[in-house]
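*Asks:* Quick one, what's the 3D model for this:
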Amino acid sequence: MKSLARSLPANPSSFATIHHELQQDQVVILPMATVYSLVANGTSPRAIAQLRHLKHFGTEQPLAILTRGDRAAEVAELSKDAKTMVEHFPYPVTMIVKGKPHLDPQIMQGFDCVYLACPDQFIYDLVGTLPFFLVAATAKVGTELIVNFEDAQKYYGEQVPLIVDGGRCRYGRRGTLVDFTLELPTIMNFGPVSVDDLRPLLPNIILPSHLMK
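*Replies:* Prediction:
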């Protein structure tokens, strides 16, 4: 029987250990205000492949990139509206943007877009300490998102070396999804942030008719 993953608290005292594990091409699980996620070094093909193996994607799709305003241009082409949005990170919004051509093909999976996210201060501060960018995918059991440490340890504790303990996620669902590759920024899926929350930041944001109630 394999031993369970090491656990550490979700605070800056854990950054050095997280950095070490990621630098060794390990996949770790990090808590976010939204959901727990599998996270790997985005510059390591080996680590990205391992993340995809653990995730068991049902369909091909791009990975998320965890970033912040001063790092986003390293991985994505940003419109004026997209730049406005990343400058407001950390925020529980996931952005669809054009990915840079140099990204590993395993991140893009044949698409020209990636997801950008930075839902909370812990992730924001961690990203700022690392020399490489992070790729991520939500941790799930079947269709159920993992939103607390106990479930992360229960279902992934024998598969990864480290799970950071953030308790229960503040929101317990994915971030609001906004597409910035369209002519106007468009909400694709609801999350913790509403269109009314976003409109002061992005006055031209669109809510498609199928999402209107």
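*Asks:* Which residue ranges of this protein form strands?
*Replies:* For the chain, the strands defined by DSSP state E cover 6-9, 28-30, 37-41, 64-66, 76-77, 91-99, 113-118, 134-138, 140-141, 144-145, 162-165, 176-179, 186-189.
*Asks:* Check which helices and strands the first one sits against.
*Replies:* I take that to be strand 6-9. When contacts are defined as 3 or more CB pairs under 8 Å, 6 or more residues apart in numbering; DSSP states H and E, strand 6-9 sits against strand 162-165. All C-beta spots, glycine's among them, are computed from the backbone N, C-alpha and C.
*Asks:* Figure out how far the strand it packs on is from the centre of its chain.
*Replies:* 16 Å (CA atoms, centre = their mean, to the nearest Å).
*Asks:* buried ones in that strand?
*Replies:* 162-165 (16 or more other CB atoms under 10 Å).
*Asks:* and what of stretch 13-33?
*Replies:* By neighbour count on 16+ other CB under 10 Å, the buried set for stretch 13-33 is 14-15, 18-19, 21-22, 26-33.
*Asks:* What is the most widely separated pair among these?
*Replies:* Gln26 and Ala33 (23.3 Å; CB to CB).
*Asks:* The longest helix along the chain: which residues count as buried?
*Replies:* For the chain, the helix with the greatest residue count under DSSP state H is helix 45-55. For helix 45-55, the neighbour count (16+ other CB under 10 Å) marks 47-48, 50-52, 54-55 as buried.
*Asks:* ok, residues contacting it?
*Replies:* Contact with helix 45-55 is made by 22, 25-27, 38-42, 63, 104, 106-107, 135-137, 156, 159-160, as judged by CB atoms under 8 Å, 6 or more residues apart in numbering.
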